[in-house]
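Colleague: have a look; sequence and predicted model below, questions after that.
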Amino acid sequence: MSDYNRNVSVPRFGATAARTQAEIDQGLRSYMLRVYNYMTLGLAITGAAALGIYMFAVSDVPTAAAIAPNLYLTDLGVALFLSPLRWVVIFAPLAAILFLNFRVDRMSVGAAQGVFWLYAALVGVSLSSIFLVYTHDSIVRVFFITAAAFGALSLYGYSTSRSLSAMGSFLVMGLFGLIIAMVVNIFLASSMLQFVISVAGVLIFSGLTAWDTQRIKEMYFAGDDDVVAGRKAIMGALTLYLDFINLFIMLLQLFGNRNSN
């Protein structure tokens, strides 16, 4: 009789473990889907803000600020791109992201979402100038190239069983070097150095996309309550959003066709 009871208990334990694992897998999929949904909405807000600002900042009505044949800056365009206000446009996203990073642990999920959407809109305002520099066709083309590359890299980071932590440490060091090189090139204005920065940036942010996806996946814990899980999803979305935006900018610098003024 004791043998019979032991034999019965095994499949019961196995069924319970299988259900538990299935629940974890389902929870992880829901968590990652939430991360990607937040990131996608952030990108949509950025794109809408960038295009909207550009449409209000340029006009075919002649003004003193001509940027191309039959294309002129409006008063808003002059304020955003030529006046000292442009520094506010440049640094406002940095202020928003620092606020979110330092305050997220004390914010509600709704408030954290609001700051993320605000940050995405501010990035869109600062990126609106790319429509003045690059042709619209090349911007769209590079965006889809970025989306395809990002999707493949993120999928690899999610699905691989290999730990990417060692690669991540190397990439973070490379990112700091990249930032230093970008600051130096502000003063040098070297086209060769800019090309090197763009190539290195593509490699670094490609690797970061895979590594960050794996880190975000590993952050998932089935025991988290809704608030903690929501905060994790928002910060994960912010991380992947930054990887996507920076990868897009680096690819645009390499493959974007500039407007002929």
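Modeller: That came through, no problem.

Colleague: please enumerate the helices of the stretch 101-250 of the chain.
Modeller: Secondary structure of the stretch 101-250 of the chain (DSSP state H, counting those that start in this stretch): helices located at 109-127, 130-133, 136-159, 165-188, 191-219, 226-255.

Colleague: could you dump these to JSON lines with distance to Ala65?
Modeller: Bear in mind the C-beta positions are built from the backbone N, C-alpha and C, glycine included. Formatted as JSON lines, the helices of the stretch 101-250 of the chain follow (distance: least, CB to CB, whole Å):
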{"stretch": "helix 109-127", "distance to Ala65": "18"}
{"stretch": "helix 130-133", "distance to Ala65": "11"}
{"stretch": "helix 136-159", "distance to Ala65": "20"}
{"stretch": "helix 165-188", "distance to Ala65": "24"}
{"stretch": "helix 191-219", "distance to Ala65": "26"}
{"stretch": "helix 226-255", "distance to Ala65": "24"}
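
Colleague: so which of those helices gets nearest Ala57?
Modeller: Nearest of the helices of the stretch 101-250 of the chain to Ala57, taken as CB to CB: helix 130-133 at 8.3 Å.

Colleague: re the thing from before, closest to Val35 out of the helices of the stretch 101-250 of the chain?
Modeller: Closest among those, once you apply CB to CB, is helix 226-255, at 4.3 Å.

Colleague: show me which residues of the closest one are buried.
Modeller: By neighbour count on 16 or more other CB atoms under 10 Å, the buried set for helix 226-255 is 229-253.

Colleague: and for stretch 65-79?
Modeller: Quick answer for stretch 65-79 (16+ other CB under 10 Å): Ala65, Ile67, Tyr72, Leu73, Thr74, Gly77, Val78, Ala79.

Colleague: least confident secondary structure element in this structure?
Modeller: strand 66-68 (a mean of 73; mean pLDDT, DSSP states H and E).

Colleague: next secondary structure after it?
Modeller: strand 71-73 (DSSP states H and E).

Colleague: what packs against the helix or strand just after that next one?
Modeller: The helix or strand immediately downstream of strand 71-73 is helix 75-81, counting by DSSP H and E. Judged by 3 or more CB pairs under 8 Å, 6 or more residues apart in numbering; DSSP states H and E, the packing partners of helix 75-81 are helix 2-57, helix 85-103.
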